[in-house]
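1. pasted the sequence and its predicted model underneath.
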Amino acid sequence: SDSELEMPFKAPRSLLDFEIGKPLGRGKFGRVYLARTKTSPRYIVALKCLIKAEILKDKVEKQVRREIEIQQNLRHPHVLRLFTYFHDSKRIILALEFANKGELFKHLQREGKFDDKRSSRYIAQMADALSYLHAKHVIHRDIKPENLLLDAKGNLKIADFGWSVHAPSNRRHTYCGTLDYLPPEIILGKGYGHEVDLWALGVLTYEFLCGSPPFEEDSQTGTQRRICSADYKMPDFFSPLAANIIKRLLVLNPPDRMTLKEVLSSQWITQYASKGRTSGAS
Ligand SMILES: CC(C)NC(=O)[C@H]1CCC[C@H]1Nc1nc(Nc2ccc(C(=O)N(C)C3CCN(C)CC3)cc2)ncc1C(F)(F)F
């Protein structure tokens, strides 16, 4: 089938086509394992095993179907590849690209915060990936450090499309997990478009540089209140160029937010890009 031509290897149809390696951790709906195909040449993949019973219980089968359908059609250096998927009686197995350096949020936790150069490099890669997604009318809607992985070269990979939708949308959703990245228009239940990812990019930039997100509060209502009034402090150690990006992304009115094109051509991004290879930092 044409999908085989697309894939770097013959589409494996079952777990028997793989040698399973060490567990990489737990995802939302099951475990993730390092694995390699039995074919030669062997291909290293991450096998994400989703438990059907859990998907049905949480009534998220449509979301999982959408995640697979969206991610399988994406091809971008900063979007984690979904090579193929198959299912047996109990599980759906996704054969995904293996990101050698793992979960970005763990690096952020371990290091506290990232410096201006490393943050600018990650945000440039995010803006590049989001430009690609938005051109295909895909809104990610769940940009946050937990959904980002790093490959062997320390390049960023957007890796979780569980909340992505085709724009525009006003899909209602029960939010589990952090509200920190929600834009005002979703909190206020308005219709929304790709600008939700621009707001989240501003929150992500802030969190990379500061180590914590701008609207963090003890209570969810506290966080929501601060988001809807764009009430945040700009740390004085932020560089003026970075502060300028954050100020122009965390704007209440979606159409007034800085565009991805402007982010990519901003001095905060271009000042480092032209200096060739980045330092050893991953
Ligand atoms: C975005 C999404 C929300 N997150 C996820 O899916 C998570 C859930 C579990 C793992 C991850 N999913 C993936 N992880 C990798 N690579 C990877 C992960 C962890 C480590 C690591 O630090 N250890 C093994 C360490 C090694 C040291 N010991 C002590 C702790 C674990 C190293 C490499 N590649 C692809 C995937 C993917 F996405 F394809 F499944």
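-> Structure's in. What do you need? Residues are numbered from 1 along each chain as shown.
2. contacts only, for the most centrally placed residue in the chain.
-> The residue lying closest to the centre of the chain (CA atoms, centre = their mean) is I158, at 3.6 Å. Residues in contact with I158 (CB atoms under 8 Å, 6 or more residues apart in numbering) are 78-80, 126, 129, 133, 140, 143, 147-148. Placement of C-beta: from N, CA and C, glycine included.
3. among the residues you listed, which lie within strands?
-> Judged by DSSP state E, strands contain the following of the contacts of I158: L148.
4. can I get the contacts of I158 in a markdown table with pLDDT?
-> Putting the contacts of I158 into a markdown table (pLDDT from 0 to 100) gives the following:
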| residue | pLDDT |
| --- | --- |
| H78 | 98 |
| V79 | 97 |
| L80 | 97 |
| M126 | 98 |
| A129 | 97 |
| L133 | 96 |
| H140 | 89 |
| I143 | 94 |
| N147 | 94 |
| L148 | 97 |
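5. with the contacts of I158 in mind, which one is nearest to K10?
-> L80 (21.0 Å; CB to CB).
6. quick one: the strands in the stretch 151-282 of the chain, in order.
-> Applying DSSP state E, counting those that start in this stretch to the stretch 151-282 of the chain gives strands spanning 156-158, 165-166.
7. quick check: which of the ones you listed is buried the most?
-> Ranked by mean neighbour count, those are led by strand 156-158 with a mean of 24 (mean count of other CB atoms under 10 Å).
8. so that one, near the ligand or not?
-> No: applying CB under 6 Å from any ligand atom, one finds strand 156-158 separated from the ligand by no less than 7.9 Å.
9. pull the distance from that strand to the chain's centre.
-> 6 Å (CA atoms, centre = their mean, to the nearest Å).
10. mean pLDDT for the strands of the stretch 151-282 of the chain: which is lowest?
-> Sorting the strands of the stretch 151-282 of the chain by mean pLDDT places strand 165-166 lowest, at a mean of 75.
11. isn't E195 up against M258?
-> No: if you go by CB atoms under 8 Å, E195 and M258 don't touch, sitting 10.2 Å apart.
12. specify which member of the contacts of I158 is nearest to V251.
-> Nearest member of these to V251, counting by CB to CB, is I143, at 16.3 Å.
13. quick check: phi and psi on the closest one?
-> As for I143, its main-chain torsions (degrees, to the nearest 10) stand at phi -70, psi 120.
14. D197 is in contact with that one, correct?
-> Yes: here I143 reaches D197: they are 5.8 Å apart, a contact under CB under 8 Å.
15. give me the more crowded residue out of the two.
-> D197 (30 against 25; other CB atoms under 10 Å).
16. the strands of the stretch 151-282 of the chain: which one's closest to A273?
-> strand 156-158 (14.5 Å).
17. got the confidence number for the residue of the stretch 151-282 of the chain found nearest the ligand?
-> Nearest residue of the stretch 151-282 of the chain to the ligand (CB to the nearest ligand atom) works out as A159 at 3.5 Å. Confidence at A159, expressed as pLDDT, is 93.
18. what does the stretch 101-250 of the chain put close to the ligand?
-> 102-103, 146-147, 149, 159-160.
19. whichever of those residues end up buried, select them in ChimeraX.
-> Burial among these is assessed by 16 or more other CB atoms under 10 Å; the matching ChimeraX selection reads:
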select :103,146,147,149,159,160
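20. what sits against Q220?
-> Here Q220 is in contact with L179 (CB under 8 Å, 6+ apart).
21. repeat that with 10 Å
-> Residues near Q220 by CB atoms under 10 Å, 6 or more residues apart in numbering: 175, 178-180, 182.
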